[in-house]
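Undergrad: okay, structure incoming, though there's no sequence with it:
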């Protein structure tokens, strides 16, 4: 009897435009150039609220009152310190990961999970899951800053309980009292990048969470997706484009773009998988960069204009606008963050969004198990008999 295969709905490659579940955390309206966290515009939150408030919103579903914000900030500070066993391993991790700090973060969080007694979210319950999520999010910047300093031959700087997340990040990177304007700029950047729909890393975190795994496991999987240059690994590459324009094209952005497109290369810092018009984060971070001052924001704005015009002329049917990575690098460079730490800075923000999605997925208690359309040779084909080795020749 011949079995007829069950029909599987065809979907676009990469699940583009396919809604795979429901969420209350936020959404990206690509056609409108708008994204939000819960019921609030993410850009407006970045302009008027701190990262601590946005973190509370992602974790608890509402903006905090002042007493709630103070208590939450205290819980974050309490989880910044790493267990002694993990701190003892950081020099070896830094030596092994070299420049790949995201690989080091994956390793460190894999150790942190059992040290903090993290349990599978399937069994942990909401309160324990929230505590594990807070531990992962608060420890992430401590780990990354320590690995950065160890890699350059310096001792890690202990976190400070009296500083907000952005200021504490700058403190741990440099060991110097953070400049208030720099802390505010980094804070706005962190708020603007906390979450952004069902991007590759967020979806990866939810897939792992759907199996019932612990929070640290889901986040380490997300970091693996995030490390790719088409996802989180772009802020430093976008800023490198400004250098390349001067180095390779005599400062002519139009010529540089034409050369890159002719070579079949992607223009880093331009275009987005969801936005068809301007990326709303770009305008926000351009404002932040301009407030920091200096020659780099002005140079970036001129390059943005000229590259955008060149792309529109070369590919009029496919407009590409500056995305968040373009000005993210400008902002972080203006705040003294080394280029090697651009993507890790992004990770210290996005881990909050990952954890919010992990806990939401855990509450749904449904395994994500899609299908694939088979496109290989048509089965069944008879399996050929095993080839037997030739008998040894007679002596």
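TA: On my side now, so go ahead. Note that the structure is a prediction, hence the values are computed from the model and not measured. Residues are numbered from 1 along each chain as shown.
Undergrad: tell me where the stretch 101-250 of the chain has helices.
TA: Listed in chain order, the helices of the stretch 101-250 of the chain (DSSP state H, counting those that start in this stretch) span 101-115, 121-124, 126-151, 165-174, 180-192, 200-210, 215-226, 235-249.
Undergrad: quick check: angle from the longest one to helix 165-174?
TA: Okay, so that is helix 126-151. Angle, helix 126-151 to helix 165-174, by axes from the mean of the first three to the mean of the last three C-alpha atoms, to 10 degrees: 30 degrees.
Undergrad: how far off centre is helix 126-151?
TA: From the chain centre to the centre of helix 126-151 is a distance of 14 Å (C-alpha atoms, centre = their mean, to the nearest Å).
Undergrad: buried set for that helix?
TA: 129-151 (16 or more other C-beta atoms under 10 Å). The way it works is simple: take the backbone N, C-alpha and C, and place the C-beta from them, glycine included.
Undergrad: one more: the fourth one?
TA: Buried residues in helix 165-174, counting neighbours by 16+ other C-beta under 10 Å, are found at 165, 166, 167, 168, 169, 170, 171, 172, 173, 174.
Undergrad: reformat the residues you listed as CSV; add distance to residue 36.
TA: As requested, those are exported to CSV (distance: C-beta to C-beta, whole Å):
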residue, distance to residue 36
165, 21
166, 21
167, 26
168, 27
169, 25
170, 28
171, 31
172, 30
173, 30
174, 33
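Undergrad: these into CSV, with extra columns for pLDDT and distance to residue 293?
TA: Formatted as CSV, the buried residues of helix 165-174 follow (pLDDT from 0 to 100; distance: C-beta to C-beta, whole Å):
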residue, pLDDT, distance to residue 293
165, 98, 24
166, 98, 18
167, 98, 20
168, 98, 24
169, 98, 21
170, 98, 18
171, 98, 22
172, 98, 25
173, 98, 21
174, 97, 20
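Undergrad: got the confidence number for residue 274?
TA: Predicted confidence (pLDDT) for residue 274: 81.
Undergrad: ignore what I typed, I meant residue 235.
TA: 63.
Undergrad: quick thing: my sequence starts at 49, can you match it?
TA: All set: I'll call the first residue 49, so the last point we hit is now residue 283.
Undergrad: for the stretch 149-298 of the chain, which residues score under the pLDDT cut-off?
TA: 281-286 (pLDDT under 70).
Undergrad: isn't residue 325 right up against residue 370?
TA: No - with contact defined as C-beta atoms under 8 Å, residue 325 does not count as touching residue 370 (11.4 Å).
Undergrad: the two: who's more crowded?
TA: residue 370 (27 against 12; other C-beta atoms under 10 Å).
Undergrad: ok, now which ones touch that one?
TA: Counting by C-beta atoms under 8 Å, 6 or more residues apart in numbering, residue 370 touches 317, 318, 326, 327, 330, 352, 355, 356.
Undergrad: again, only using 10 Å
TA: Residues near residue 370 by C-beta atoms under 10 Å, 6 or more residues apart in numbering: 286, 315, 317-320, 326-327, 329-331, 333-334, 348-349, 351-353, 355-356.
Undergrad: need the per-residue pLDDT for it.
TA: 79.
Undergrad: quick one: it from residue 353, how far?
TA: According to C-beta to C-beta, to the nearest Å, residue 370 and residue 353 sit 9 Å apart.
Undergrad: same check on residue 190?
TA: 39 Å.
Undergrad: turn the helices of the stretch 149-298 of the chain into JSON lines, including distance to residue 206.
TA: Below are the helices of the stretch 149-298 of the chain laid out as JSON lines (distance: least, C-beta to C-beta, whole Å):
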{"stretch": "helix 149-163", "distance to residue 206": "16"}
{"stretch": "helix 169-172", "distance to residue 206": "29"}
{"stretch": "helix 174-199", "distance to residue 206": "8"}
{"stretch": "helix 213-222", "distance to residue 206": "8"}
{"stretch": "helix 228-240", "distance to residue 206": "18"}
{"stretch": "helix 248-258", "distance to residue 206": "29"}
{"stretch": "helix 263-274", "distance to residue 206": "22"}
{"stretch": "helix 283-297", "distance to residue 206": "27"}
